[in-house]
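Colleague: Sequence below, structure please.
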Amino acid sequence: MTLDATKAIDQLPRLEQAYFLRDDVLGIAGDLIGKLLVTKVDGELCAGRIVETEAYKAPEDKASHAWNNRRTARTEIMFGEGGHAYVYLCYGMHHLFNVVTGPAGQAHAVLVRALEPVANVECMLRRRNMRDVQKRLTAGPAVLTKAMGITTADNGTCLFDPDSHIWIADDGFVVDGNAVERSPRIGVDYAGECAAWDWRFTLKNSKWISK
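Modeller: The predicted structure follows:
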């Protein structure tokens, strides 16, 4: 799963707003598998292939921060138009990256849980204080943001703006429908019956899955 070296990552087509505005958070969560999450922070361009996501769909989803259409200063970005980043702090230390989807007012989002490193792995290792490429580099929502240079300061970033420093690109990597597996989401036992919903999407046989 290496990117064609002849293609400059920053020249690859970025996902446009129409992609994110679809009223289908589950479809988008599955379709993001195989796409490239790209960041350009402090002049360092890094890219990782998305191999694990989770969908969150208010108001019925008790695992969502916006369950029952709960609006707070933190969740307000979720109620905006799809195509923006929702980055929040977990346990006071972990920055988690989500993609807001759907039309304004829906509060739907996709959590990116794991990446396969693709470009500028050296920078990712440096940010993670690691010497060797191991699964823990980007296999998990808290570690992938460190590797990619994403923090809560990026909350609200427009992902389809041509000048954005965070975006999602399509390099033509084909994911067969049978290659995307579904299972219950991680760490949402508090969500009652919603905890059993198979709203987690993973790339089959990827060694970069978080769990």
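
Colleague: Tell me the strands beside the lengthiest strand in the chain, with direction?
Modeller: With secondary structure taken from DSSP state E, the chain has its longest strand at strand 44-57. Within its sheet, and counting by DSSP bridges, strand 44-57 is paired with strand 36-41 (antiparallel), strand 108-119 (antiparallel), strand 200-203 (antiparallel).

Colleague: quick one: buried residues of stretch 10-19?
Modeller: L12, R14, L15, Y19 (16 or more other CB atoms under 10 Å). (Glycine included, C-beta is placed from N, CA and C.)

Colleague: so the first one touches A169, yeah?
Modeller: Read it as L12. Yes - counting by CB atoms under 8 Å, L12 touches A169, with 4.1 Å between them.

Colleague: and for the two, which residues touch both?
Modeller: L36, V38 (CB atoms under 8 Å, 6 or more residues apart in numbering).

Colleague: Pull the number of nearby residues for R126.
Modeller: By other CB atoms under 10 Å, the residues close to R126 number 13.

Colleague: and if you look at L21?
Modeller: Residues near L21, counting by other CB under 10 Å, number 19.

Colleague: contacting residues for it?
Modeller: E81, G82, G83, T101, G102, P103.

Colleague: Excluding chain neighbours, what is closest to H165?
Modeller: Nearest residue to H165, sequence neighbours excluded (CB to CB, 6 or more residues apart in numbering): K40, at 4.8 Å.

Colleague: and if you look at R70?
Modeller: Nearest residue to R70 in three dimensions, chain neighbours excluded: A58, at 7.7 Å (CB to CB, 6+ apart).

Colleague: I'd say W167 and P13 touch.
Modeller: No - using CB under 8 Å, W167 is not in contact with P13; the gap is 10.1 Å.

Colleague: Out of the contacts of L21, list just those in strands.
Modeller: Secondary structure from DSSP E places T101 of these in strands.

Colleague: Tell me which stretches of this structure form strands.
Modeller: 36-41, 44-57, 85-90, 94-101, 108-119, 166-169, 180-183, 200-203.

Colleague: Distance from the chain centre to the fourth one, please.
Modeller: Averaging C-alpha positions (CA atoms, centre = their mean, to the nearest Å) puts strand 94-101 6 Å from its chain's average.

Colleague: Same question for the third one.
Modeller: For strand 85-90, the distance from its own C-alpha centre to the chain's C-alpha centre is 11 Å (CA atoms, centre = their mean).
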